[in-house]
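Asks: Structure here, sequence nowhere to be found:
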């Protein structure tokens, strides 16, 4: 319920002046600051002046209690409607609206309600309000001269405040101009530095591109070097292996046989290193030829177990686990190499417990886990084992052979097959190498059939032509054929071979793939065209070349007398 502080009627300008003075006094007593006092008092006088201009008006000023704040409430009722629209410079209701927010005019236009929230500290008890009423009554009867004096004092204070604010505004403008100049200078400096940085970045990118091209060229040169050097190394090593085979078949005593065995073992180790270097270089350069086919996983794992068993340490179990019918479309040859590397590495460093190769479907991929209970790998060296020539020192290291190329090759080859290879390990508890491979896209993929072993058909070889630019290896092959061929001729290039064939046809020609000038594949086609009765067999220190088709092929590193003779006999018999 509202408590009334002032009730008055406005008839003349003197009443308006008295209302202004009374309004300021009420605001002062209720705790409003000076600025709000002037705003409320001026708003009341502007409304009162507008009412007196066309008649009389009744005014009631009071306090409305409330939480958390009480409200000052002034109601002015005029005999005629107020002018509510217009320019605020003309005074009246438009001017009062600019001074206080709480101003409402009823739809008839004759009643105006002005409200102002009081400070939370304002006292609105009955004793305080009674004192406000007495003070307001004294202020209401003051004359116009006193009010004019007060208004002049307020104008002076307002002018001083405006002057102070203008000075502060000027100072701020000066500071702002200085700040703007500093910002512009900093912007210019940053723009210059950014331009220099961009120029440096462009130059750096250009240098990185150049370094990238140089690295790519160096990598390609390394691959070519390894490929060429590997071939040059393979040829003499294969000759050594062939000569040791001949020596083993000759009459040697026990010590000589042992020495020849050491020689053959060392040559085989060197050939393995050369093969691993070439395989790794091919994988790094992305030159792996992937030939997808349907692979029976269980059959492959069983085959790998059989070839790995001879190198398993005594007391260690080797198991392979795969679901029957599990099929993966991938390159069988490359997958076999990767898994063989992982298995061999596991059995090397496991001297108790077991090594398990497990394969299972895992969503859209096939997961291969090679788990061993061996020495394990320290955590800080787990990534290093996939780097070239890195070998983790351990107590079994002196008892095994290795170059540190198997795991790097396995990871790169798994990536070439679209998969991943990761390792986890705990020292003293063993390691797990996990290979994940997706099925590759291939049209009508069929199981990859192994080339049938040469049969042991009876019959002589007749005239055999050996074509190889490696004279030592050609001599080894001739010695292997001495007891089974009626005649052995040796040529060291294509033109020499064709000249010998012109002088006397051969029953079978054994051709090295890598010949100077005309290569072995081209020479084979020429012989088939000119001498269709002559059978042909290809051989090489390198893997079988692309485009060989169904041509019979022998790897020089795997040639021994029995295999060589059986293969040549089969081809001669087929004619």
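Replies: Arrived safely. In this text, all values refer to a predicted model and were calculated from it rather than measured experimentally. Numbers count the residues shown, from 1 in each chain.

Asks: what are the ranges of the helices in the stretch 151-300 of the chain?
Replies: 254-284, 297-308 (DSSP state H, counting those that start in this stretch).

Asks: Lowest average confidence across those, which one?
Replies: For those, mean pLDDT drops lowest on helix 254-284, to a mean of 69.

Asks: buried set for stretch 555-573?
Replies: 556-557, 559, 561, 564-572 (16 or more other CB atoms under 10 Å). (Each C-beta comes from the backbone N, C-alpha and C, glycine too.)

Asks: quick one: low-confidence ranges for the stretch 301-450 of the chain?
Replies: 388-390, 393, 397-404, 442-450 (pLDDT under 70).

Asks: Distance-wise, check residue 63 relative to residue 117.
Replies: Distance of residue 63 to residue 117, given as CB to CB, to the nearest Å: 11 Å.

Asks: which residues are common contacts for the two?
Replies: Residues touching both residue 63 and residue 117 (CB atoms under 8 Å, 6 or more residues apart in numbering): 70, 71, 72.

Asks: all helices for the stretch 451-575 of the chain, in order.
Replies: Using DSSP H, counting those that start in this stretch, helices in the stretch 451-575 of the chain cover 471-481, 494-503, 520-530, 561-574.

Asks: Mind checking the ones you listed for the one nearest to residue 247?
Replies: Counting by CB to CB, residue 247 lies closest to helix 471-481 out of the helices of the stretch 451-575 of the chain; the figure is 10.3 Å.

Asks: what does the closest one rub up against?
Replies: By CB under 8 Å, 6+ apart, the residues outside helix 471-481 that reach it are 235-236, 238-239, 242-243, 245-246, 461, 464, 466, 468, 488, 490, 492, 510, 556, 559-561, 564-565, 568.

Asks: which residues are contacting stretch 303-322?
Replies: Contacts of stretch 303-322 (CB under 8 Å, 6+ apart): 297-298, 301-302, 336, 339-340, 343-344, 347-348, 350-360.

Asks: Leaving out chain neighbours, which residue sits closest to residue 116?
Replies: residue 72 (4.4 Å; CB to CB, 6 or more residues apart in numbering).

Asks: contacting residues around the one you found?
Replies: Residue 72 neighbours (CB under 8 Å, 6+ apart): 26, 27, 30, 32, 40, 61, 63, 64, 115, 116, 117, 118.

Asks: Now do the same contact list for residue 501.
Replies: Here residue 501 is in contact with 465, 509, 527, 530, 531, 534 (CB under 8 Å, 6+ apart).

Asks: what about 7 Å?
Replies: Listed by CB atoms under 7 Å, 6 or more residues apart in numbering, the contact partners of residue 501 are 465, 527, 531.

Asks: Just list whatever residues bridge to the spatially most central residue of the chain.
Replies: By CA atoms, centre = their mean, the mean C-alpha position of the chain lies nearest to residue 420, the distance being 14.9 Å. Beta-bridge pairing for residue 420 (DSSP bridges): residue 436.

Asks: My understanding was that it contacts residue 412; is that so?
Replies: No. Counting by CB atoms under 7 Å, residue 420 does not reach residue 412; the two are 11.6 Å apart.

Asks: about what we covered before: which of the shared contacts of residue 63 and residue 117 fall in strands?
Replies: Using DSSP state E, the members of the shared contacts of residue 63 and residue 117 that fall in strands are 71, 72.

Asks: And the pLDDT for the residue nearest to residue 116?
Replies: For residue 72, pLDDT reads 93.

Asks: Residue 95: which of the helices of the stretch 451-575 of the chain is closest?
Replies: By CB to CB (comparing all of the helices of the stretch 451-575 of the chain), the closest turns out to be helix 520-530, at 107.6 Å.

Asks: Any figure for the gap between residue 199 and residue 192?
Replies: 11 Å.
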